[in-house]
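model this:
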Amino acid sequence: KVHARRLRRFQQSLSRKQYDQNTHRGSKNWEKARAKVAKEQRKTADQRRDFHHKLARAIADNYTAFICEDLAVKNMMKNRHLSKAIASVGWSQFLTIVKYKMEKAGKYFRRVSRWFPSSQTCRCCGYKNTEVKDLKVREWTCPQCGTWHDRDENAQKNIHAEGLSILKSEGIQIIM
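Model prediction:
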């Protein structure tokens, strides 16, 4: 957030400098302001990349398998309320780094299909509740077995179980 605030200030300063649209040349002060903006953007990107590499290394060192949901990040970026937060986290970049670090360490990286109904399926009895498709529903009770579910926790446990079944179908046994 600190870098985002600084970047915003530098970009505002840059927009006030003289720049000729016809010749595509700016004043000396415009060049200095452009360099500040570029430096701040580079700092933010480097900070994010460093965090991704450190976290991915910790995951590759401590776990045998990494199971995640194959999200349509490009489509999620179309949501104007979430796009800034999604972009600042850098999910795609992080998953790419985790994948190559896991494969380099001889460990398993698997993605569960984005069409798998992870948040709609009851983890206890397997009942599929189609009313949970709406993202506003954060918690629900299974009408079949009466179990209360937090949407995100339920999805996480279902993705974990599905990933383990994918690994098992490939003949890979993961001991927990």
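
from here on, contacts and neighbour counts on C-alpha atoms
Fine.

Please export the C-alpha coordinates of stretch 34-43 as CSV.
Output of stretch 34-43 as CSV, limited to C-alpha atoms (Å, rounded to 0.1, in the frame of the first residue of the first chain):
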residue,chain,number,x,y,z
ARG,A,34,8.9,9.3,-15.7
ALA,A,35,12.1,7.7,-14.2
LYS,A,36,10.6,8.0,-10.7
VAL,A,37,7.4,6.3,-11.8
ALA,A,38,9.4,3.5,-13.5
LYS,A,39,11.6,3.0,-10.4
GLU,A,40,8.6,2.8,-8.1
GLN,A,41,6.9,0.3,-10.4
ARG,A,42,10.1,-1.8,-10.5
LYS,A,43,10.3,-1.7,-6.7
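
Show residues contacting that stretch.
His3, Arg6, Leu7, Phe10, Gln11, Leu14 (C-alpha atoms under 8 Å, 6 or more residues apart in numbering).

and if we set it to 6 Å?
Leu7, Phe10 (C-alpha atoms under 6 Å, 6 or more residues apart in numbering).

Buried residues in it, which are they?
Arg34, Lys36, Val37, Glu40, Gln41 (16 or more other C-alpha atoms under 10 Å).

again, but for stretch 62-70
So, applying 16+ other C-alpha under 10 Å, buried residues of stretch 62-70: Thr64, Ala65, Phe66, Ile67, Cys68, Glu69.

for stretch 53-60, same thing?
His53, Ala56, Arg57, Ile59, Ala60.

Specify which member of these is nearest to Lys128.
Checking those against Lys128 by C-alpha to C-alpha gives Ile59 as the nearest, at 31.5 Å.

so the closest one sits in a strand?
No. The assignment for Ile59, made by DSSP: H, G, I helix; E, B strand; the rest coil, is helix rather than a strand.

Low-confidence regions, this protein specifically.
By pLDDT under 70, the chain has no low-scoring segment.

those helices in this protein, which residues are they?
2-15, 28-62, 73-76, 83-89, 91-104, 151-169 (DSSP state H).

and those helices as TSV, adding distance to Arg111?
Shown next, in TSV, are the helices of the chain (distance: least, C-alpha to C-alpha, whole Å):
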stretch	distance to Arg111
helix 2-15	31
helix 28-62	15
helix 73-76	14
helix 83-89	19
helix 91-104	10
helix 151-169	7
